[in-house]
Structures are given as structure tokens and as C-alpha cells.
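Asks: Sequence isn't available, so here's the structure alone:
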């Protein structure tokens, strides 16, 4: 034992050291690959280090525990603790530290320097917790910075689109609105619709789709009544339908999209009825028309052709606010779009 620095089984000791070197290289490579940097790798890392630690009594002999000889892995046991902390935060680091410290204390519980061993275990535990906490803070800071960069890029794109829309679409809508009022007749109705779309588009470009100007709640009843006309009958309760502003605004926009579909596919003379009813924790809004109805499979065909009016303007809007949409259509008897909203 003296000739081999306290190792009863030097060959086995060199084997353990070889495993440690090989695993260090393998783990370093695996941690550099994002696809491999998962919990299975971390668990395997912990088990390999634990196995090398528990092999110390066979390498160093029975005197290892009584004389307090440092186990073969020595400070190598901190590796998986720090890896767990970086990957899973302070709780994961604490769990790995407890496992490694418990194994080390079990091996050297009869050593004369037990208080020193306990201090080492405490330091290992604190290392796992502190490194895990710092790693979590770093990840959160990186995520916040990434979101800020994405928001800045989105704002730049929004500003670019706003300029393009102002220089093209809004100018055309404003011209149609003015000329329609001057010409009168059917052109006046076309001008009115162009004016409404111009105002809605200006609010969208300005970042206020519903015109509320501030977050909070909004009256869905008031938003729906804006759609009332000689061809559209809007029926609502006598009292306000107060909903979260994003929900109310998206619902009103979806109703507007449904009415646009009525005018586009059923003709200017088609009639439509909008009904809003409050329920238990929900509000239901239905849009019904007296048009020819939708043939079976037509909505799927439109989606395949890239016509996304129903998919995005109606279903997409409701999905964003946790609502639901059902469409019932009977050929020759019209179509009904029913929107269910969380109250």
C-alpha cells in the first residue's frame, strides 16, 4: 500500500482514472451539442461519477474510510453538480449535490475529519444552489433580451408596412370615400364602406384596432352596433356586454369579416342578422344571412387555394383570445357563423 500511495489495487485505480478521463472528454463533447444536452446525458453523467466515487474503497482498500484518504475522483464529483445546476437551476443543482455528498459521506463516515467532510458537503450543496440560481438568471436575461430584439424588429417592420399602406391603400380608400359621397346612389354606399375600412385601417396602423386607446374592458354591444345598416340587423341586450378589450375588439373584427363575406359572396342585397347573447361565463355572437349557403367542402377548398378569410379573419382571431367558432350552412338556406367568447 505504501509503495502505491495507499492504493491496494493500483491497476483498478488506473482503470478508474482512465474511465474518468474518457468520460470527461465524452461529456465535454456531448454538452457542446445542443441536441444531446438533455436530462438523459445529465443522469448518465451523475451515474458515471457516482460509480467512480463508489469504486474508491475497492481501489484504496478498507483503510480509505478509516484514515480519511481522499477518494479517487476527488473534486471531480463537482462536475455533474455544476452541470445539473446550469441545466435545471438551483433545485436540480441541490439534488445532484445531495446525492454526491451523501455518497462521499457514506464512504468516509469513519474518517477522523468528519467535520471537514461536512463542510465540504455544505460547500458542494451551496455551489449547486448558487450556480443554478445564477444560471437561471442568465437564461431569463437572455430570453428577455431576445424578446426585446424580436419586438424591435417587429416594430421596424410595422413602421415600414405603415408607410407603405399610408402611401397606397389609405390614399385609394380616401379617394373612393370622397368620390362616392359626391356621386351619390350606389356609389355613396361604396364610399361609406371605403370610409369605414379607411378608419379601421388607420386605427390598425396606429396600433389601436378597436379604437379603445387603452387596455382594460370594452363594450361588445357598442362595437357590434357599428355594423348595423339597412342590410344588417344587430340585436343585443339592453345592457352593455363588458368584456376584456382584446376579446371584444377581436370579436367585433371577426363579425365584420363575416359580414364582408356576406356582401362578397351573397351580393349587396343580401340580408344579415347579428345576435349577441350573454351566457354562463360566455358570450355568444351569431351572424346569419339569407344567401345561397356554402357548398360542402368549399371552406377546405378555399383554404387550399390560399383564401384565408375564414381561417384567419374569423377562426384565427377567436383562437387568439380563447374563443370558438362554428359554421353551419345549408345550401339554399343561408349560413350561420356562431362565435363563443370567454366572458
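Replies: Looks like it arrived, so ask away. Only a predicted model underlies this, so the values are computations on that prediction, with no experimental measurement involved.
Asks: Which segments of the chain make up each domain?
Replies: Per automatic domain parsing, the structural domains of the chain span 2-143, 211-342.
Asks: Put together TSV for those domains, with mean pLDDT, distance to residue 161 and mean neighbour count on each row.
Replies: C-betas here are computed from N, CA, C, even on glycine. Listed next are the domains of the chain as TSV, based on pLDDT from 0 to 100; distance: least, CB to CB, whole Å; neighbours: other CB atoms under 10 Å:
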stretch	mean pLDDT	distance to residue 161	mean neighbour count
domain 2-143	83	27	17
domain 211-342	85	16	17
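Asks: In TSV, list these along with distance to residue 187.
Replies: Shown next, in TSV, are these (distance: least, CB to CB, whole Å):
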stretch	distance to residue 187
domain 2-143	54
domain 211-342	12
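Asks: Let me know the secondary structure of residue 336.
Replies: Per DSSP: H, G, I helix; E, B strand; the rest coil, the secondary structure class of residue 336 is strand.
Asks: Just grab the bridge partners of it for me.
Replies: Beta-bridge partners of residue 336, counted by DSSP bridges, are residue 288, residue 328.
Asks: again with residue 278
Replies: residue 283.
Asks: That one against residue 240, yeah?
Replies: No - Residue 278 lies out of contact with residue 240 (CB atoms under 8 Å); the separation is 10.3 Å.
Asks: which is the next helix or strand following the helix or strand where residue 132 lies?
Replies: Using DSSP states H and E, residue 132 sits in helix 114-167. Proceeding C-terminally, helix 114-167 gives way to helix 169-183 as the next helix or strand, assigned by DSSP H and E.
Asks: Name the surrounding residues that touch that following helix.
Replies: Residues outside helix 169-183 that contact it (CB atoms under 8 Å, 6 or more residues apart in numbering): 187-192, 194-195, 197-198, 201-202, 205.
Asks: helix or strand right after that helix?
Replies: The helix or strand immediately downstream of helix 169-183 is helix 186-206, counting by DSSP H and E.
Asks: So what's the gap between that next one and the chain middle?
Replies: Mean C-alpha position of helix 186-206 versus that of the full chain (CA atoms, centre = their mean, to the nearest Å) differs by 34 Å.
Asks: residues in contact with whatever helix or strand comes next after that helix?
Replies: Next helix or strand after helix 186-206 toward the C-terminus (DSSP H and E): strand 217-219. Applying CB under 8 Å, 6+ apart, the contact partners of strand 217-219 are 210, 212, 240, 241, 242, 243, 244, 245, 248, 249.
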